[in-house]
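Trainee: got a sequence here, can you build the structure:
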Amino acid sequence: MAEFTEPNMEVERMMVEQTKKTFRWQLRVDGSSNTHGSRVGVVVSTPEGDSVECALRFDFKATNNQAKYEALIAGLRVCIVLGADEVEIFNNSQVIVNQVLDEC
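Mentor: This is a model prediction of the structure:
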C-alpha cells in the first residue's frame, strides 16, 4: 500500500524564493579618472549565467567619484536594455554605495 502525503506548500515556496535569490541579475561597476579622461568598467551577469562586459571612456574631466557614478549609470542602462527587472549591484566605493542608499 502506497502512502501519499499532501505537498508541503511552505517548503516549496521557500525553495522558489531561494532560487529567486540565487539566480538574479548582477551588476559590477568601477570607474576611475585621471588627466587623460575617465574610464569605467561594467559587467552584467544574467540569471542564466551569461555575462556582458563593457569598457567605456568618457571625454570629459571628472573626479574618481564622478567616474564611479557614471559607471553605475552606464551599468543600469545596460541592465534596462537587457530587460533586467531586479538587479543586485556590486561597487567597491563605500561613498557611492552610501550616497545611493541615502545613508550619508
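Trainee: which element is the residue positioned nearest the centre of the chain on?
Mentor: The residue lying closest to the centre of the chain (Cα atoms, centre = their mean) is L27, at 2.3 Å. Assessed by DSSP states H and E, L27 sits inside strand 25-34.
Trainee: what are the buried residues along the helix or strand just after that strand?
Mentor: Next in sequence after strand 25-34, counting helices and strands by DSSP H and E, comes strand 37-45. In terms of neighbour count (16 or more other Cβ atoms under 10 Å), strand 37-45 has its buried residues at 38-45. Quick note: C-beta positions are derived from backbone N, CA and C, even for glycine.
Trainee: mean confidence for strand 37-45?
Mentor: For strand 37-45, the mean per-residue pLDDT is 93.
Trainee: what does the helix or strand that comes right after it contact?
Mentor: Counting by DSSP H and E, the next helix or strand C-terminal to strand 37-45 is strand 51-58. By Cβ atoms under 8 Å, 6 or more residues apart in numbering, the surrounding residues in contact with strand 51-58 are 37-46, 67, 70-71, 74-75, 78, 82.
Trainee: try it again with 10 Å
Mentor: Applying Cβ atoms under 10 Å, 6 or more residues apart in numbering, the contact partners of strand 51-58 are 26-29, 31, 33, 36-46, 66-67, 70-71, 74-75, 77-79, 81-82.
Trainee: repeat that for stretch 79-87.
Mentor: 20, 24-27, 42, 44-47, 50, 52, 75-76, 78, 89.
Trainee: same thing but at 6 Å, please
Mentor: With contacts defined as Cβ atoms under 6 Å, 6 or more residues apart in numbering, stretch 79-87 is touched by 25, 27, 44.
Trainee: export those to a markdown table and tack on distance to D59?
Mentor: Formatted as a markdown table, the contacts of stretch 79-87 follow (distance: Cβ to Cβ, whole Å):
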| residue | distance to D59 |
| --- | --- |
| W25 | 29 |
| L27 | 24 |
| V44 | 24 |
